[in-house]
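Student: based on what follows, work out the 3D shape:
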Amino acid sequence: MSKKEQLKQYYDIPVKLFFDLASTKVKIEKLLKWKKGDIVETEKMAGEYINIDIENQHLGTGEVIILDNKFAIRITTIYTKDDIMELRVK
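Tutor: Below you'll find the predicted structure:
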């Protein structure tokens, strides 16, 4: 049986992906004043590269793009098993 055929049994398993799109620091005083419709500025901009993780493991990298007036991620790198092992060592 080929590797592809062996993997078919896992095709329907959902996994959680994380895109490191934004983070910011906010003082608690400001946080407590937030209301619906407020805007939180971040350091990320279209064209920047971000990490993509799957279940707390690095999967690859992506580029932040604007698609139909929404943020989207263009996959730029999918790490190999060797890449992931090297990232764990660093």
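
Student: distance of the residue nearest the centre of the chain from Lys44?
Tutor: Per Cα atoms, centre = their mean, the C-alpha nearest to the average position across the chain is that of Phe19, at 1.4 Å. Separation of Phe19 from Lys44 (Cβ to Cβ, to the nearest Å): 10 Å. All C-beta spots, glycine's among them, are computed from the backbone N, C-alpha and C.

Student: find the residues that touch each one of the two.
Tutor: Ile50 (Cβ atoms under 8 Å, 6 or more residues apart in numbering).

Student: alpha carbons only: can I get the longest helix anywhere in the chain in PDB?
Tutor: Longest helix in the chain by number of residues, with DSSP state H as the criterion: helix 81-89. Taking Å, rounded to 0.1, in the frame of the first residue of the first chain, the C-alpha atoms of helix 81-89 are listed here in PDB:
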ATOM      1  CA  LYS A  81       9.900  16.700   8.400                       C
ATOM      2  CA  ASP A  82      13.600  17.600   8.500                       C
ATOM      3  CA  ASP A  83      12.900  21.300   8.600                       C
ATOM      4  CA  ILE A  84      10.600  20.800  11.600                       C
ATOM      5  CA  MET A  85      13.200  18.700  13.400                       C
ATOM      6  CA  GLU A  86      15.800  21.500  12.800                       C
ATOM      7  CA  LEU A  87      13.400  24.100  14.200                       C
ATOM      8  CA  ARG A  88      12.800  22.100  17.400                       C
ATOM      9  CA  VAL A  89      16.600  22.000  18.000                       C
END
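
Student: now do the buried residues in it.
Tutor: Neighbour-count burial for helix 81-89, with 16 or more other Cβ atoms under 10 Å as criterion, is recorded at no position.
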